[in-house]
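**Q** Model the structure of this input:
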Amino acid sequence: MIAKIYLMLWVLGITTAGVLYLTGNLTPFLQVLFGLLTFGTLMFGFISIIPATFFHGTKEH
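**A** Got it, this is the predicted structure:
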């Protein structure tokens, strides 16, 4: 479940940044903001996704 949320965060962030870039609205402030959000998303992955996958295994249905 949490891996799906993690993937959707990446898809949403990349899509939003792409749309803003293509429309010319990606200002330097928004670039810094997206950088901070990317860093936060990476840390979210380090803290929740990686340990859950490697130490607890994946649920097999």
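**Q** so who does the residue nearest the centre of the chain touch?
**A** Centroid-nearest residue in the chain: residue 10, 3.3 Å away (criterion: CA atoms, centre = their mean). Residue 10 sits next to residue 41 when contact means CB atoms under 8 Å, 6 or more residues apart in numbering. Yep, even glycine has a C-beta here, placed from its N, CA and C like the rest.
**Q** And it, how far from residue 46?
**A** 14 Å (CB to CB, to the nearest Å).
**Q** In this protein, where's the longest helix?
**A** helix 2-23 (DSSP state H).
**Q** average pLDDT for that one?
**A** Averaged over helix 2-23, pLDDT sits at 93.
**Q** And the contacts of the helix or strand immediately after it in the chain?
**A** Proceeding N to C from helix 2-23, the next assigned helix or strand is helix 28-44, under DSSP states H and E. Residues outside helix 28-44 that contact it (CB under 8 Å, 6+ apart) are 6, 9-10, 13, 16-17, 20.
**Q** wait, residue 3 sits on residue 49?
**A** Yes - at 5.8 Å, residue 3 counts as touching residue 49 under the criterion of CB atoms under 8 Å.
**Q** Taking helix 28-44 as reference, get the angle to the longest helix of the chain.
**A** For helix 2-23 against helix 28-44, the angle by axes from the mean of the first three to the mean of the last three CA atoms, to 10 degrees is 160 degrees.
**Q** Buried residues, helix 2-23. List them.
**A** 9, 17 (16 or more other CB atoms under 10 Å).
**Q** For it, C-alpha coordinates in PDB please.
**A** The C-alpha trace of helix 2-23 is given here as PDB (Å, rounded to 0.1, in the frame of the first residue of the first chain):
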ATOM      1  CA  ILE A   2       2.700   2.500   1.000                       C
ATOM      2  CA  ALA A   3       4.700   1.600  -2.100                       C
ATOM      3  CA  LYS A   4       1.800   2.700  -4.300                       C
ATOM      4  CA  ILE A   5       1.500   6.000  -2.500                       C
ATOM      5  CA  TYR A   6       5.300   6.500  -2.900                       C
ATOM      6  CA  LEU A   7       5.100   5.800  -6.600                       C
ATOM      7  CA  MET A   8       2.100   8.100  -7.000                       C
ATOM      8  CA  LEU A   9       4.100  10.900  -5.300                       C
ATOM      9  CA  TRP A  10       6.800  10.500  -7.800                       C
ATOM     10  CA  VAL A  11       4.400  10.400 -10.800                       C
ATOM     11  CA  LEU A  12       2.500  13.500  -9.500                       C
ATOM     12  CA  GLY A  13       5.700  15.500  -8.800                       C
ATOM     13  CA  ILE A  14       7.300  14.700 -12.200                       C
ATOM     14  CA  THR A  15       4.000  15.400 -14.100                       C
ATOM     15  CA  THR A  16       3.500  18.700 -12.300                       C
ATOM     16  CA  ALA A  17       7.100  19.800 -12.900                       C
ATOM     17  CA  GLY A  18       6.800  18.800 -16.600                       C
ATOM     18  CA  VAL A  19       3.600  20.700 -17.100                       C
ATOM     19  CA  LEU A  20       5.000  23.800 -15.400                       C
ATOM     20  CA  TYR A  21       8.200  23.600 -17.500                       C
ATOM     21  CA  LEU A  22       6.400  23.100 -20.800                       C
ATOM     22  CA  THR A  23       4.000  26.000 -20.000                       C
END
